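Colleague: Sharing a model prediction with you, sequence too.
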Amino acid sequence: MPVEFIADLHIHTCLSPCAELSMTPKGIVEKAASLGINIIAVCDHNSAENVEVTKGLAKKKGISVIAGMEISSSEEVHVLGFFNDTESVLKMQAVVYDNLQAGENDEDKFGMQVVVNEDNEVLGFNKRLLIGAISLSVNKIVDLIHGFNGIAAASHIDRDVFGIIGHLGFIHPDIKFDALEISCRLKLKEALIRYGAYSHIPWISSSDAHRIEDIGRRTTRFLMNHSTFEEFSLALKGAEGRKVSF
């Protein structure tokens, strides 16, 4: 019988240059556990190098981690990719890295991009320009995510900056998003008024946390049999009594 799971599906670690350095996998997991969150997704900008360590820590707390990434398209639209396992998200990462803008990250301007272990020890600094857009379009990114058997969601569609509607004016029906993310800034009632034309696509809402205190400020509730990627996918489809709400 399906039961309710609470999920925050958009969390940045210290690998994202705009996230605070306190956003270590250990800190994130501890905060999520304290809030009773059952599922989290690590979605760093154009990278997934802190996913596996987060999964290891979360398992000890009984929290499921969905391997994710927030990818910035050539149109500067943010797209969330969710994947069944670390291997798949790293395959997507390889494509993203091949299409990143040339140059190195300016830590003074954008912030550090830190890869850490379970004990918050620094393993290295990603020098790529993760903050920038890649050379692939929204359509291509969504197709690639699906090619790796992933789930594609439009990030924070209600935001003027990096949201697809703010940038492109609408969501073209040829872009096959599996879900649309409403930011924590917008209440569901207002979202239905603004974006009712897209209500046929499942909606999720997440914290988009860049600071520890922001984790869980908005969550999505899933009625599912288990806290797995497969169940997450079925819930978005509304299959056999599974549901999504926030």
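Modeller: Alright, I've got the coordinates.
Colleague: Go through stretch 161-181 and flag the buried ones.
Modeller: Neighbour-count burial for stretch 161-181, with 16 or more other Cβ atoms under 10 Å as criterion, is recorded at 162-165, 167, 171, 175, 177-181. Placement of C-beta: from N, CA and C, glycine included.
Colleague: can you name the two of these that are farthest apart?
Modeller: By the measure Cβ to Cβ, the buried residues of stretch 161-181 have their two most distant members at 167 and 178, which lie 19.7 Å apart.
Colleague: Tell me which of the buried residues of stretch 161-181 fall in helices.
Modeller: Per DSSP state H, helices hold the following members of these: 164-165, 167.
Colleague: pretty sure residue 4 contacts residue 219?
Modeller: No. The pair formed by residue 4 and residue 219 falls short of the contact definition of Cβ atoms under 8 Å, at 10.9 Å.
Colleague: These two: who's more crowded?
Modeller: residue 219 (25 against 11; other Cβ atoms under 10 Å).
Colleague: got a list of what the more buried one touches?
Modeller: Contacts were defined as Cβ atoms under 8 Å, 6 or more residues apart in numbering; by that measure residue 219 touches 6-8, 37, 205-207, 246.
Colleague: Likewise for residue 76?
Modeller: Neighbour list for residue 76: 133, 162, 167 [criterion: Cβ under 8 Å, 6+ apart].
Colleague: Throw the contacts of residue 219 into a markdown table and include pLDDT, thanks.
Modeller: A markdown table is the format used below for those (pLDDT from 0 to 100):
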| residue | pLDDT |
| --- | --- |
| 6 | 98 |
| 7 | 98 |
| 8 | 98 |
| 37 | 98 |
| 205 | 97 |
| 206 | 97 |
| 207 | 98 |
| 246 | 81 |
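Colleague: Fine by me, thanks again.
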